[in-house]
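Asks: Everything below, folded, please.
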Amino acid sequence: MTVKVSIATVSILREGLAHGRGVKYKRLADALEKSIGEGLIEPGSKLPPHRLLADSLGVTIGTISRAYGELERVGLVVARVGDGTYVRQRGMERLRDSGFRNVSEEPQPFFDMSRNQPIPGRESALLGQSLQTLANDAQTLQMISGYTADSGLPRHRAAGAQWLRHQAFVPGAEQVICVNGGQHGLLCVLMALLKPGDTLVTEHLTYPGLISVARMLGIKLIGVGMDDEGLLPQALSDVCQQHRVAALYCTPTIQNPTAAVMSVPRRQAIVDVCRQHNLLIIEDEAHAVLAQQRPLPLSHFAPERAVLIGSLSKAVSAGLRVGYLHAPLALIGRLNAAVRGTCWMANPLAMELATQWIENASAQHLLAQQIAEITRRKALVSGLLQGLAYKTHAHSPHFWIEVPEPWRASQIAAELKHNNYLVATAEAFAVGHAAVPQFIRASVCHSTVDDQLLIDGFAALAGALRGTE
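Replies: Okay, the predicted model is just below:
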């Protein structure tokens, strides 16, 4: 941010305060909106920090926050955690920016390559069969029709332990807590084990759901440097020496959005840093189950300080909302309290269905079908990306594609959106002060059964990228 931009913005806002209508924050928001629309404040510009602007205008920091929040709500600016507030690139505005979304709010004509979701398979037919079978099991229906323990029924916890098991990592059921999906599990972990004002470190590019939850809970996020394997141990150590850090959140396997997978030596090095600085480890394995040959989880290397979040959402069924936490016994009571405080207990009906599927191997069959369909779809479109720089994993549902210089990912996304295709840019995943890389995440997970629509979507993406060279 140049001094000239800051001075100009202050001048614009002073004029808005003096002659605008309504409460102060609305006058400020209206003045900024008008200046952005007229091009006086250029797309990509960083707006002045809250405190600097408040001092310059003689208003409270809260007034500035509300003005910036109003602009973010209507999609004119984007707030990057730990970095500031920026004017959106042209073509990227939307009527309402509600942050992290699990379902696209765009009209159906758009072909959505921006989200990772399970590809529809046999789960709906299996669900019908399972419900019919359950309807004739009076004893089980009685058991799940009332309140259960906040950590879940013993059989449901045992099924969760079975689902999370991988090679030499063998969870005990007493260390497993049932939750309503991975996102609920993440909320419970942050509520139970961190407090407002605590600092949580994560990858410089991370899961948007984490950013949303941390913001709601008042937890500070710091982004840490990455390479092709994911989180850098030395970068993590450097941050811990400069800040008082409470915990680390990371995705060691099929990282979102880069699709990176940490090697065993990298995992051991990360654990060493966490032990040295006494960090809690929060490990997200939502996509990891898609990589059957993955390394052992961090929870295997640091069982005394790691909480693992797993779910069925990316591999079996998103609608069931079934997830599991695996944690040291010393933390189970606090995590149970968070479950109790948010929803009292995980949904026993969904847990019973998931338990049946895990016990009779239906979940594993659905997982295998998911992996096979991801592989098939990626084979259909990978040739279209030939000559472009991208990263992926064999079983990752998305490609992480570099945008050729001098163009920006937001420009490519805007061009594609104009042609009814949606993709995600690195900006949605960015945390901290580092420059946001010019990459696009494109997924093969759209619910369409028409291969041609998928091919057309990736052809349009490849064409937009090549057209900038």
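Asks: all contacts plus neighbour counts: C-alpha atoms, from now on.
Replies: Noted.
Asks: show me what contacts the most centrally placed residue in the chain?
Replies: Centroid-nearest residue in the chain, with C-alpha atoms, centre = their mean: Y207, separated by 2.4 Å. Contacts for Y207 (C-alpha atoms under 8 Å, 6 or more residues apart in numbering) come out as 256-257, 429.
Asks: Flag every buried residue along stretch 17-26.
Replies: 17, 20, 24-26 (16 or more other C-alpha atoms under 10 Å).
Asks: circling back to that earlier point, and the contacts of Y207 as CSV, adding neighbour count, pLDDT and secondary structure?
Replies: Shown next, in CSV, are the contacts of Y207 (neighbours: other C-alpha atoms under 10 Å; pLDDT from 0 to 100; DSSP: H, G, I helix; E, B strand; the rest coil):
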residue, neighbour count, pLDDT, secondary structure
N256, 25, 95, coil
P257, 28, 96, coil
F429, 22, 94, helix
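Asks: Rounded mean pLDDT for the top helix by length along the chain, please.
Replies: Counting by DSSP state H, the longest helix found in the chain is helix 362-381. Mean per-residue pLDDT for helix 362-381: 95.
Asks: So S410 is in contact with A428, correct?
Replies: No. With contact defined as C-alpha atoms under 8 Å, S410 does not count as touching A428 (10.6 Å).
Asks: These two - which one has more neighbours?
Replies: The neighbour comparison of S410 against A428 (other C-alpha atoms under 10 Å) goes to S410, with 23 against 19.
Asks: just to revisit the earlier point, next, the residue nearest to the centre of the chain: phi, psi?
Replies: phi -60, psi 120 (degrees, to the nearest 10).
Asks: what do you get for A394?
Replies: phi -50, psi -40.
Asks: before we move on, what about A269?
Replies: When read as degrees, to the nearest 10, the backbone of A269 gives phi -70, psi -40.
Asks: So for it, what's the nearest residue that isn't a sequence neighbour?
Replies: The shortest distance from A269 to any residue other than its chain neighbours is 6.2 Å, reached at P233 (C-alpha to C-alpha, 6 or more residues apart in numbering).
Asks: okay, that neighbour: pLDDT?
Replies: In this model, P233 is scored at 97, pLDDT.
Asks: Quantify the burial of it by counting its neighbouring residues.
Replies: Counted with other C-alpha under 10 Å, P233 comes out at 20.
Asks: What are the structural domain limits within the protein?
Replies: 3-87, 111-120+365-466, 136-360 (automatic domain parsing).
Asks: Turn these into CSV, including distance to L127.
Replies: Listed next are the domains of the chain as CSV, based on distance: least, C-alpha to C-alpha, whole Å:
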stretch, distance to L127
domain 3-87, 38
domain 111-120+365-466, 12
domain 136-360, 8
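Asks: To S130, which of these lies closest?
Replies: When these are compared by C-alpha to C-alpha, domain 136-360 sits nearest S130, at 6.9 Å.
Asks: Now do the closest one: distance from first to last residue.
Replies: One end of domain 136-360 to the other measures 18 Å (C-alpha to C-alpha, to the nearest Å).
Asks: Show residues contacting stretch 267-274.
Replies: So stretch 267-274 is in contact with 232-233, 236-237, 248, 252, 280-281, 298, 301-302, going by C-alpha under 8 Å, 6+ apart.
Asks: Kindly report the same for stretch 244-253.
Replies: 194, 198-203, 206, 230-231, 259-262, 267, 274, 278-285, 287-288, 291, 294, 297-298.
Asks: Determine how far that stretch lies from the middle of the whole chain.
Replies: Centroid separation between stretch 244-253 and its chain, computed with C-alpha atoms, centre = their mean, to the nearest Å, is 14 Å.
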